[in-house]
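A.B. asks: With the sequence up front, the predicted model follows.
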Amino acid sequence: KIAVKDSGIGLSKAQQKKIFDAYAQASASTNRTAGGTGLGLTISRKIVHSMGGELSVESEEGNGATFYFTITLQEANKAPVTTEKKSLKEVIAPVKKEVLDNGELATKEVHKAPVKIEEKSPKEVIVPVKKEVLDSGKLTVLVAEDNPINQKLIRIVFEKLGMKATLVDNGQKALEARQAEDFDLIFMDVQMPVMDGVEATHAILAYEKEHGLAHVPIIALTANALPGDREKYIKEGMDDYATKPLDVKVIEELRDKYCKKT
């Protein structure tokens, strides 16, 4: 049996029933102090299931939580294990990770033939973007997203679509970035610490109105794709809505809709 105990905010009985669901988090508030995608426990449970175990939780509100599982494993071979050091160029990767057209990461098995690795300088690496984007110049977008892993994926996807992304990790920084410079488009995560996406949107709209500035379209980003969400966020002053994980085609459509160059 393996158990991990934390000293966090704890979980109610209702929260314990859904904590292993994808994108579920203990705090439903859009202004939270603890970040995360809400996928860690879902992935952990799947791994434990694959090993014949069950991941469970014991918790009380305000008293942290204990996550535990029990699995039965065969005793390891006690024969000495020898390892051979190899250079990076001699290692053949069994799995290749790719960013698919829909923006999600997937794995594919690759041919196990020797791989020739060529080192290239940053100037030699060319990111393919559409011709009309190159002709009109790279767009500048502000992205408010508090999860570091999501930030990395967003930067890759947006660069591929010809958009230079300025990344911030909370709504307050998003407001400050908008006050400091103009952008073609803003992507605003709804759930963030310090200042959530809705609050930041209200503040940006007030700033633009006070200073007579042209409005920069704001796109809500959220993992909670519930009926009525799009209408709810538009009512709060946002211009459009996109869900996470990112769908590259949707992002491309939003770019073309709001950033047409004349």
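C.D. replies: Yes, it's here.
A.B. asks: Count residues in the vicinity of the closest residue to Thr201 other than its chain neighbours, would you?
C.D. replies: Excluding the flanking residues, the one nearest Thr201 by Cβ to Cβ, 6 or more residues apart in numbering is Gly237, at 5.0 Å. For every residue, glycine as well, the C-beta is placed using N, CA and C. Counted with other Cβ atoms under 10 Å, residues neighbouring Gly237 total 15.
A.B. asks: Isn't Gly237 up against Ala203?
C.D. replies: No. In this structure Gly237 lies outside contact range of Ala203 using Cβ atoms under 8 Å: 10.1 Å.
A.B. asks: tell me the helices in the stretch 101-250 of the chain, going along the chain?
C.D. replies: 131-136, 148-160, 171-180, 197-210, 229-235, 248-258 (DSSP state H, counting those that start in this stretch).
A.B. asks: Neighbours of the residue nearest to Thr166 when sequence neighbours are not counted, how many?
C.D. replies: In this structure, Thr166 finds its nearest non-sequential neighbour in Leu142, 5.1 Å apart by Cβ to Cβ, 6+ apart. Using other Cβ under 10 Å, Leu142 has 24 other residues around it.
A.B. asks: cool, and Arg255?
C.D. replies: Using other Cβ under 10 Å, Arg255 has 21 other residues around it.
A.B. asks: Now it. Nearest residue, chain neighbours left out?
C.D. replies: What sits nearest to Arg255 in space, not counting adjacent residues and going by Cβ to Cβ, 6+ apart, is Leu161, at 6.0 Å.
A.B. asks: Looks like the one you found contacts Ile251 (just checking).
C.D. replies: Yes. With contacts counted by Cβ under 8 Å, Leu161 reaches Ile251, the gap being 6.4 Å.
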